[in-house]
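**Student:** Predicted coordinates and the sequence they were generated for:
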Amino acid sequence: MILKRDVLNFSASPSTNFSSNFGNPYTKRDSRYTETTFQFDSGTLNTEHTDLFVAGDFNSWKLNKESQLKYNPSTDLWTTRFIIKQGNYRYKYFQRNSNFENSSSVPINDSITNRYQEYRAFVYYRDPVKNYHRLLFSDSFNSRK
């Protein structure tokens, strides 16, 4: 699954102490896993000498090498991938300057607001007999439902 590019959605004082029904992967034995690509559009954010990360319920809110975004100059987006189990998850993008040691805080202000986000999901099945991928399901949903 490739998430539609995200726009700036930061908070100057992020908290990872949430209480909600998010962060709960499905426990059914037939739950699926998918490789999810996160795409972040940094817009006017100064990313020089900065590391960008994505963290959420899917990786226990850890800022580490696996959660670090890498810049792709051909798309002008910051991206990374995770294998995530089917379920509901929260996530957030974080910025850490090279001289900023406390990775649980984000050194930017709250003038950046939440934005509308649209997601598209595609479920494929690789048919071993016919040796091709079939599209089983597609859906589109947004962050303001």
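**Tutor:** Received it, and whenever you're ready, just let me know what you need.
**Student:** Let me see the ranges of the strands in the chain.
**Tutor:** 24-25, 33-40, 50-56, 70-72, 77-85, 87-88, 91-97, 118-127, 132-142 (DSSP state E).
**Student:** Turn those strands into CSV, including mean pLDDT, mean neighbour count and distance to Leu63.
**Tutor:** From N, CA and C alone the C-beta is placed, and that goes for glycine too. Below are these laid out as CSV (pLDDT from 0 to 100; neighbours: other Cβ atoms under 10 Å; distance: least, Cβ to Cβ, whole Å):
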stretch, mean pLDDT, mean neighbour count, distance to Leu63
strand 24-25, 62, 14, 21
strand 33-40, 90, 16, 14
strand 50-56, 85, 20, 5
strand 70-72, 91, 11, 14
strand 77-85, 91, 16, 12
strand 87-88, 80, 14, 21
strand 91-97, 81, 19, 6
strand 118-127, 86, 12, 23
strand 132-142, 87, 10, 27
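**Student:** any chance of those in CSV, plus distance to Lys62?
**Tutor:** Shown next, in CSV, are the strands of the chain (distance: least, Cβ to Cβ, whole Å):
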stretch, distance to Lys62
strand 24-25, 16
strand 33-40, 14
strand 50-56, 6
strand 70-72, 17
strand 77-85, 11
strand 87-88, 18
strand 91-97, 11
strand 118-127, 23
strand 132-142, 27
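**Student:** For Asn64, find the nearest of those.
**Tutor:** Asn64 lies closest to strand 50-56 among those, at 8.1 Å (Cβ to Cβ).
**Student:** between that closest one and strand 91-97, how many degrees?
**Tutor:** Here the directions of strand 50-56 and strand 91-97 differ by 160 degrees (axes from the mean of the first three to the mean of the last three Cα atoms, to 10 degrees).
**Student:** other SSEs contacting strand 50-56?
**Tutor:** When contacts are defined as 3 or more Cβ pairs under 8 Å, 6 or more residues apart in numbering; DSSP states H and E, strand 50-56 sits against strand 33-40, strand 91-97.
**Student:** can you count the residues close to Thr44?
**Tutor:** Number of residues near Thr44 (other Cβ atoms under 10 Å) recorded here: 7.
**Student:** Good, wrapping up.
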